[in-house]
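1. Build me a model from this:
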Amino acid sequence: MIPNITKGDRMAGLLVYLAGPGRSNEHADPHLVAGSAPIMAWHNDDQLNRDAALSIAHQLDQAKNVLGVEVKGGHVWHCSLSLRAEEGDLTDQRWAEIANEFMDEMGFTEASGKAPVSWVAIRHGHSKAGNDHIHIAASMVREDGTKWSSHLDYKRAQETARSLEKKHGLEELSPVYAMRGLRPGEREAAERRGVEEPERRSLARKVRACATAAQDEAEFVRRFRRTGAMIKPRYAAGRDDVVVGYSVAERPPKGGRPVWFGGGQLAKDLTLPRLRGAWADSPELADGAVAEWGAAARGRRPANIGREAQEPDPQMWEQYSNEVARLRESLRAVPMDDHATWAQVARETSGAFAAWSTATESTPGPLAAAADELSKTAQLRRYPARPVRTVGPSARGASLVLMAATMGGTGTAAQAIMLRQLLNVAKAVHDMHKASNDLRRARQISDLVKTQLSQVAATLPSVPATVPAVDGEAAEAVRTSAAGQTPSRSPGSVLPPKYEQARDHATTRGGTTRPDIER
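-> Numbers count the residues shown, from 1 in each chain. Next up is the predicted model:
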């Protein structure tokens with residue numbers, strides 16, 4: 001179950017949207033499934049319309065308006081709870097139980113030992129992706145005028161969701177790995193601009209590809225600029241020789257403005273400090289990197305020319321294919337709870353597929369799908385204090401040659417061998433998730449091999465018998481492709497609460513403002 005939190009200051013706008021038709025008329029039968037007792041007594045599970053939504057919004061805002069309490073950053077707390085489409089649908093009763101227990105654990109109700117807040121949970125059908133879900137809208141002002149604290153609410157929501165998954169027999173998401181999802185409206189914005197996918201996805205792949213193929217920071221900057229996208233440094237305050245971060249953007253059409261994303265906005269493992277953990281470092285290399293960042297910031301030509309301008313020696317295909325094969329063998333000794341190592345392996349393998357996609361796919365295809373899927377394992381909820389550096393065999397060399405896959409002289413037989421070795425590594429990552437009982441991720445990787453990478457294998461020549469075969473499901477996939485009503489809640493009075501000012505006011509900590517909460 002996936003919680004997604006936004007905050008704002010327009011309760012009426014949020015409720016009207018949730019009770020309305022949606023951006024693509026996907027909202028069907030919007031109705032309440034749970035909420036504060038007085039609100040449920042008046043509205044129950046009847047289908048909501050605009051008038052009902054405005055009435056509910058007025059009730060949710062009543063404590064704030066009557067007591068004159070202001071919350072910095074907005075008093076509206078909005079959280080969606082969604083299931084994967086493959087999990088099917090829950091009944092209104094199940095959703096009501098989940099919503100009530102979720103709000104208890106998050107400290108919105110009497111269960112917290114404090115005055116409750118007013119809240120509702122609305123269900124209005126499937127999302128565009130087919131996910132069954134509910135939306136929770138709550139005021140952050142309690143009935144006595146004190147404020148509900150949003151400190152660490154994102155973390156608390158994730159932990160509560162994991163607990164409810166176990167209690168209600170839902171598919172349990174990984175408490176270790178966490179991929180950054182798209183923000184509300186990103187897909188729709190990409191469709192309006194006529195691009196194949198949200199820029200954040202395409203930029204993440206390009207960064208991942210270039211970072212994995214590069215041996216140092218300067219080479220990374222030069223490689224990324226060669227993709228046609230834009231990159232700029234973020235300097236330390238008052239300095240122009242210390243780079244502490246970066247932003248990237250796809251080059252906009254003539255007359256357009258670029259949309260910039262910081263590395264941490266792309267993915268948790270793509271911040272500059274995380275990337276630097278895999279590159280060589282020395283005073284000379286640091287100076288070279290500063291020169292390249294400066295050239296990129298000013299739109300000038302690269303300060304130097306490096307490996308990115310050279311076509312790899314054809315013999316490197318065999319060298320790096322063998323290295324990926326040794327990587328697969330070394331993974332047999334890695335414990336499944338060594339999350340940092342597995343994340344590093346997934347990061348490099350994802351980077352190899354991203355490099356191949358960047359070089360050969362004009363629009364996102366099977367290789368891009370492979371890079372995106374494996375990148376989910378590369379992103380940890382918590383990272384070790386010190387970055388894990390690659391020691392021994394890795395997939396970084398594969399990224400180097402695959403990024404030049406469109407150049408002549410390599411031949412497709414070498415690509416077929418490389419694909420088989422990368423499939424073996426992907427299968428090892430799959431087996432790790434399966435052994436860790438993270439069946440959702442294991443299934444996603446299995447589906448990737450069967451439906452996406454098998455298409456790539458079908459276009460390549462046969463692999464020599466001397467090359468180790470891919471394991472189980474991956475091998476089979478390659479062979480196949482080559483051959484052709486709302487319950488009431490007993491506690492709580494249904495009478496409207498008396499709004500009395502509390503003696504002391506608690507302050508609200510944390511949280512961010514989302515001006516697009518209406519959308």
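2. switch to C-alpha atoms for all contacts and neighbour counts from now on
-> Will do.
3. to the chain's geometric centre, what's the distance from stretch 66-85?
-> 21 Å (C-alpha atoms, centre = their mean, to the nearest Å).
4. Kindly check the end-to-end length of it for me.
-> End-to-end distance of stretch 66-85 (C-alpha to C-alpha, to the nearest Å): 42 Å.
5. in that stretch, what counts as buried?
-> With burial defined by 16 or more other C-alpha atoms under 10 Å, the residues of stretch 66-85 counted as buried are 67, 69, 71, 73-84.
6. Show only the entries of the residues you listed found in strands.
-> Judged by DSSP state E, these include 76, 77, 78, 79, 80, 81, 82 as members of strands.
7. Among those, give me the pair with the biggest separation.
-> Distances among those were taken as C-alpha to C-alpha; the most separated pair is 76 and 82, at 19.6 Å.
8. Among the ones in strands among the buried residues of stretch 66-85, which one lies nearest to residue 151?
-> Proximity of those to residue 151 (C-alpha to C-alpha) peaks at residue 77, which lies at 12.4 Å.
9. shouldn't that closest one be in contact with residue 139?
-> Yes: with contact defined as C-alpha atoms under 8 Å, residue 77 reaches residue 139; the gap is 6.1 Å.
10. all helices of the stretch 201-350 of the chain, in order?
-> Taking DSSP state H, counting those that start in this stretch as the criterion, the stretch 201-350 of the chain carries its helices at 217-226, 263-266, 272-276, 283-298, 315-330, 339-360.
11. Among those, show me which one is buried the most.
-> Of the helices of the stretch 201-350 of the chain, the one with the most neighbours on average (mean count of other C-alpha atoms under 10 Å) is helix 339-360, at a mean of 26.
12. And the pLDDT at residue 153?
-> On pLDDT, residue 153 comes in at 90.
13. Please read the previous query as pertaining to residue 391.
-> Note on residue 391: pLDDT of 57.
14. and residue 209, how many neighbours?
-> By other C-alpha atoms under 10 Å, 33 other residues sit near residue 209.
15. Residue 359 is in contact with that one, correct?
-> No: the criterion here is C-alpha under 8 Å, and residue 209 misses it with residue 359 at 9.7 Å.
16. Can you check which residues contact both of those two?
-> Shared contacts of residue 209 and residue 359 (C-alpha atoms under 8 Å, 6 or more residues apart in numbering): residue 403.
17. ok, back up a step: output the helices of the stretch 201-350 of the chain in CSV; the columns should cover distance to residue 114 and mean pLDDT.
-> Shown next, in CSV, are the helices of the stretch 201-350 of the chain (distance: least, C-alpha to C-alpha, whole Å; pLDDT from 0 to 100):
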stretch, distance to residue 114, mean pLDDT
helix 217-226, 52, 96
helix 263-266, 36, 92
helix 272-276, 41, 93
helix 283-298, 52, 95
helix 315-330, 54, 90
helix 339-360, 39, 92
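18. For residue 50, find the nearest of the ones you listed.
-> That would be helix 263-266 among those, by C-alpha to C-alpha, at 35.2 Å.
19. what helices or strands is the closest one leaning on?
-> If you count contacts as 3 or more C-alpha pairs under 8 Å, 6 or more residues apart in numbering; DSSP states H and E, helix 263-266 packs onto helix 199-213, strand 243-249.
20. Determine which stretch of the ones you listed is the most buried.
-> Most buried among the helices and strands packed on helix 263-266, given mean count of other C-alpha under 10 Å as the contact rule, is helix 199-213, at a mean of 25.
21. quick one, what contacts residue 285?
-> Counting by C-alpha under 8 Å, 6+ apart, residue 285 makes contact with 216, 217, 218.
22. Which residue is the nearest non-sequential neighbour of the first one?
-> Spelled out, that is residue 216. Spatially, and ignoring its direct neighbours in sequence, residue 216 is nearest to residue 279 (4.8 Å; C-alpha to C-alpha, 6 or more residues apart in numbering).
23. Read off the pLDDT value for that neighbour.
-> Listed pLDDT for residue 279 reads 91.
24. same thing with residue 517?
-> Looking at residue 517, the pLDDT reads 40.
25. How about residue 361?
-> Residue-level pLDDT assigned to residue 361 equals 88.
26. phi, psi of it?
-> With angles defined as degrees, to the nearest 10, residue 361 sits at phi -110, psi 110.
27. Tell me, how many residues neighbour it?
-> 15.
28. What of residue 167?
-> Other residues close to residue 167 by other C-alpha under 10 Å number 10.
29. rewinding a little: pick out the most distant pair among the buried residues of stretch 66-85.
-> Between any two of the buried residues of stretch 66-85 (C-alpha to C-alpha), the greatest distance is 40.6 Å, for 67 and 84.
30. surely the residue nearest to residue 216 meets residue 217?
-> Yes: under the criterion of C-alpha under 8 Å, residue 279 makes contact with residue 217 at 6.7 Å.
31. how close does residue 265 get to residue 199?
-> In terms of C-alpha to C-alpha, residue 265 sits 11 Å off from residue 199.
32. ok, now residue 227?
-> Distance from residue 227 to residue 199, by C-alpha to C-alpha: 14 Å.
33. now do residue 292
-> Relative to residue 199, and taking C-alpha to C-alpha, residue 292 is found at 24 Å.
34. With residue 275 instead?
-> From residue 275 to residue 199 the distance is 20 Å (C-alpha to C-alpha).
35. Check residue 54 too.
-> Relative to residue 199, and taking C-alpha to C-alpha, residue 54 is found at 35 Å.
36. cool, residue 146 as well?
-> Distance from residue 146 to residue 199, by C-alpha to C-alpha: 41 Å.
37. now residue 5
-> Taken as C-alpha to C-alpha, the span from residue 5 to residue 199 is 22 Å.
38. repeat for residue 28
-> The gap separating residue 28 from residue 199 is 30 Å, by C-alpha to C-alpha.
39. same deal with residue 34?
-> Distance of residue 34 to residue 199, computed by C-alpha to C-alpha: 37 Å.
40. ditto for residue 309
-> Distance of residue 309 to residue 199, computed by C-alpha to C-alpha: 26 Å.
41. List the contacts of residue 402.
-> 352, 353, 355, 356, 359.
42. Now find how far off-centre the helix or strand hosting residue 14 is within its chain.
-> Residue 14 is part of helix 11-19 when elements are defined by DSSP states H and E. Distance of helix 11-19 from the chain centroid (C-alpha atoms, centre = their mean) equals 26 Å.
43. next one: stretch 423-439
-> The chain centroid and the centroid of stretch 423-439 are separated by 20 Å under C-alpha atoms, centre = their mean.
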